[in-house]
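>>> Okay, here's the prediction I keep looking at, along with the sequence it came from:
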Amino acid sequence: MKVSVVIVTSGVSNYILSCLSSVLSQGYPPEEVIVIRNPIYPIDDSILEGMSNKVKVITPQKNIFYCQALNIGIHQSRGEYILCLNDDVILEKDFLNEALLGFSISDRIGMVSGKIMRPDKKTIDSTGLFLSIWRTPKERGYNSIDTGRFDRSGFIFGVNGAVSFYRRVMLEDVKIDNFYFDPCFRIFYEDLDISWRAQKRGWKAYYTPKAVAYHIRGATVRSRHGQGRSFSLRFLTPPLVVDLLKNRYITIIRNETPFGLFLHLPAIVFYDMLIWILVLVYHPVVLRICLKKFTPLGKILKKREKI
């Protein structure tokens, strides 16, 4: 079972070194490790490459966002299974061993999630991604203390984008226009979108609690003051808030069924009323940006047809 690990660096702090160290210390060693390096990242490539001959560093000519970076890494990879990581993640030594057992349950399992904890090793970050009634990504157990409640393996809706493990066959099956992740998303909602697309094509996601990872929530996109805190919108820059809103609507339009939209429309409208109140309070400039960068509905519907 050949595993490729794709790590996207943000250029924040020295997270990549700790992340790489945990990947290269796995009891089940990956076939290859690919680092997509932010071109303005301050650490020299030779430092990263010196950690192992398995590490391949790719530096795009310009600064790109998470979805574009993942597409580059996956296209370059050779593994049957691909683990996509944020650089603010650290894996327990047996993570790959335990996570691969999840794929062995069925050949229709295309995604596997482990138990993702915060660095304090007490607080849960995610035990699986679910689709909420608001049509938002719901991280099971998010921000709660780990009491053993989620120590049973089982099926989930999808996997958290910070630590997402995919079967390559599934990725090839769900890609659109040769992209696994829609590059127009840049960042946010890409994990829910690909999980939703996969579910519609008959793929399943599985949770295995013995595969443990630690994630600093918001480390790559928020200030240190906002890391791990609720209502993350307060701690994002206006362009990132635009991505958050835009990607939500695109994900719903191209994945939701007519019946599902009818059933959940009251919850969707209620959620959007609240979110736009927050936007106008914390980032009023976002409304003007959204009006300028409006994505034509026809372009979204064309991708829905391909799904």
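Received, thanks.
>>> which residues sit in contact with Val169?
By Cβ atoms under 8 Å, 6 or more residues apart in numbering, Val169 lies in contact with Glu80, Gly110. For the C-beta atoms, the positions are set from N, CA and C on the backbone; glycine is no exception.
>>> Look at it and tell me its secondary structure.
helix (DSSP: H, G, I helix; E, B strand; the rest coil).
>>> what about the helices in the stretch 151-300 of the chain?
Assigned by DSSP state H, counting those that start in this stretch, the stretch 151-300 of the chain shows helices spanning 168-174, 190-200, 238-255, 258-282, 285-292, 297-306.
>>> Looks to me like Gly73 is in a helix.
Yes. Counting by three-state DSSP, Gly73 falls inside a helix.
>>> ok, back up a step: please produce TSV containing the helices of the stretch 151-300 of the chain, extended by mean pLDDT and distance to Thr147.
Shown next, in TSV, are the helices of the stretch 151-300 of the chain (pLDDT from 0 to 100; distance: least, Cβ to Cβ, whole Å):
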stretch	mean pLDDT	distance to Thr147
helix 168-174	97	32
helix 190-200	97	25
helix 238-255	91	31
helix 258-282	94	29
helix 285-292	79	38
helix 297-306	63	41
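>>> could I get these as CSV with distance to Asp107?
Shown next, in CSV, are the helices of the stretch 151-300 of the chain (distance: least, Cβ to Cβ, whole Å):
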stretch, distance to Asp107
helix 168-174, 8
helix 190-200, 14
helix 238-255, 24
helix 258-282, 27
helix 285-292, 42
helix 297-306, 24
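>>> Mean neighbour count, those: which tops it?
helix 190-200 (a mean of 24; mean count of other Cβ atoms under 10 Å).
>>> so how far is that helix from its chain's centroid?
11 Å (Cα atoms, centre = their mean, to the nearest Å).
>>> pull the CA atoms of that helix into CSV?
The C-alpha trace of helix 190-200 is given here as CSV (Å, rounded to 0.1, in the frame of the first residue of the first chain):
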residue,chain,number,x,y,z
GLU,A,190,-12.7,22.3,-0.3
ASP,A,191,-12.9,19.4,2.1
LEU,A,192,-16.7,19.5,2.2
ASP,A,193,-17.0,19.9,-1.5
ILE,A,194,-14.9,16.9,-2.4
SER,A,195,-16.5,14.8,0.3
TRP,A,196,-20.0,15.7,-1.0
ARG,A,197,-18.9,14.9,-4.6
ALA,A,198,-17.5,11.6,-3.5
GLN,A,199,-20.6,10.6,-1.6
LYS,A,200,-22.7,11.4,-4.7
